[in-house]
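# Sequence and predicted model, in that order:
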Amino acid sequence: MRLSLDEMQTDIRDAAREVARGRIAPQAARWDEEGALAAGLLKELAELGFLGLLVEEGLGGSALDRTAFALVILETAKASGAAAVALAAHNSVALASSKHAKASGITQELCGGERVGVLTEFREGSLTGFCGFAAPWAAVASPGVGSDAVCLVSGQATDASETQTPGLGLRALRPHTLVAVPGEDDAVVSGVAAEAELTLRLGLAAAMVGRGEAALAASLAYAKEREQFGKPIASFQAIQWMIADARCRLDGAWLLTLRAAFTGRQAAMACVHAAQAARETCDAALQIHGGYGYTTEYPVERCLRDSLAISTLAGGLAGQRSAVAGSALD
């Protein structure tokens, strides 16, 4: 396992960082309030090659490795949790569809930003998708409750009806009821469901680390600026220890995420540790900010809301812990 980045990975990280800071971060708070991502963001990400990071070039993808994928999600999450989760879900669907020649049409639409890959779950017998874009959609999901098959299903934008108001975090990804439209591109993808799940878990782990990094960065800036007793609070040991603990937690979570990217295994373990690291770091960030941390004037409250929401996805922490235990007991 190599801990240093190669030239390609460095370039893709820098490109993701540039778009996250210049395009996503300035609007993230507004998207959170409005409950939707910018309409043009999907196309912009497609032009950068971020919508098919793991898909072969012949199908419109970028043919990058999992480490590059994790880096893109990490940098995106530093700016917006919703955008990072949307990107992780999209890439997991694109990867699954790329494994079947029958679904090549959908794969190319996904990589080109003409269709959005969504994260799904069943709620009261209906397929619910978490989507921040108004676009035709595709998802990897079971066709019904109790079914063992996993299929690539798709539909049109008019089939996605809003089901409820946004929750605590990831407000730009509102739940919608999805109506599948059978078509010639639909395909059974049970054989690659595990790979799609690995990609999604890896993306969620990177997203939680990214939200923790955003909270820590805000805390560092605030601690250097805020003064008490005539000096910055960054000089106080209590604040320094909170910062030190946060730095250790986030680095440990990122290393587990890199290991999962490198080996293609134990992404659930990375998710568990990343969820704990993000939650505890965001909690410390609120304490460092004092009362200001609970206001929308500062970004740390959104970091906490997003990190908690991300930890409930893809089976939640209970499901991730069960996967880790199953691996240990196998």
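Thanks, I have the structure now.
# which residues of the chain fall in helices?
Ranges of helices in the chain, per DSSP state H, are 7-19, 25-34, 41-47, 66-77, 81-98, 104-111, 193-225, 237-263, 267-289, 300-310, 316-329.
# Serialize these to JSON lines and add fields for mean pLDDT, mean neighbour count and distance to G117.
Every residue, glycine included, has its C-beta placed from N, CA and C. Formatted as JSON lines, the helices of the chain follow (pLDDT from 0 to 100; neighbours: other Cβ atoms under 10 Å; distance: least, Cβ to Cβ, whole Å):
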{"stretch": "helix 7-19", "mean pLDDT": "96", "mean neighbour count": "16", "distance to G117": "18"}
{"stretch": "helix 25-34", "mean pLDDT": "93", "mean neighbour count": "16", "distance to G117": "19"}
{"stretch": "helix 41-47", "mean pLDDT": "92", "mean neighbour count": "18", "distance to G117": "10"}
{"stretch": "helix 66-77", "mean pLDDT": "97", "mean neighbour count": "27", "distance to G117": "13"}
{"stretch": "helix 81-98", "mean pLDDT": "92", "mean neighbour count": "30", "distance to G117": "3"}
{"stretch": "helix 104-111", "mean pLDDT": "88", "mean neighbour count": "24", "distance to G117": "6"}
{"stretch": "helix 193-225", "mean pLDDT": "93", "mean neighbour count": "24", "distance to G117": "10"}
{"stretch": "helix 237-263", "mean pLDDT": "97", "mean neighbour count": "18", "distance to G117": "19"}
{"stretch": "helix 267-289", "mean pLDDT": "96", "mean neighbour count": "25", "distance to G117": "18"}
{"stretch": "helix 300-310", "mean pLDDT": "95", "mean neighbour count": "25", "distance to G117": "17"}
{"stretch": "helix 316-329", "mean pLDDT": "89", "mean neighbour count": "14", "distance to G117": "20"}
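# Name the nearest residue to L54, ignoring sequence neighbours.
Leaving aside its sequence neighbours, L54 sits nearest to L95 (Cβ to Cβ, 6 or more residues apart in numbering; 4.7 Å).
# ok, now which ones touch the one you found?
54-55, 192, 195-196, 199 (Cβ atoms under 8 Å, 6 or more residues apart in numbering).
# Can you tell me which of those residues is nearest W241?
W241 lies nearest to T199 out of the contacts of L95, by Cβ to Cβ, at 36.3 Å.
# can you pull the contacts of H289?
By Cβ under 8 Å, 6+ apart, the contact set of H289 is 218-219, 222, 298, 300.
# can the contacts of L95 go into CSV with extra columns for distance to T257?
Formatted as CSV, the contacts of L95 follow (distance: Cβ to Cβ, whole Å):
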residue, distance to T257
L54, 15
V55, 21
V192, 21
E195, 17
A196, 17
T199, 12
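# and of those residues, the nearest to G326?
The closest of these to G326 turns out to be E195 (Cβ to Cβ; 17.6 Å).
# just checking, the closest one touches A96?
Yes - here E195 reaches A96: they are 7.1 Å apart, a contact under Cβ atoms under 8 Å.
# list the residues that contact both of those two?
Residues touching both E195 and A96 by Cβ under 8 Å, 6+ apart: none at all.
# For G49, see how far away L255 is.
26 Å (Cβ to Cβ, to the nearest Å).
# before we move on, what about L178?
Using Cβ to Cβ, we find L178 at a distance of 26 Å from G49.
# So between those two, which is more surrounded?
Neighbour totals were compared for L178 and G49, and L178 leads with 24 against 19 (other Cβ atoms under 10 Å).
# Check what pLDDT that one gets.
Per-residue confidence (pLDDT) for L178: 71.
# any idea how far it is from C131?
Taking Cβ to Cβ, one finds L178 at 8 Å from C131.
# From the centroid of the protein, which residue is nearest?
Nearest residue to the geometric centre of the chain (Cα atoms, centre = their mean): V85, 2.6 Å.
# contacting residues for that residue?
Contacts for V85 were tallied using Cβ under 8 Å, 6+ apart; they are 119, 130, 170, 173, 203-204, 207, 310, 313.
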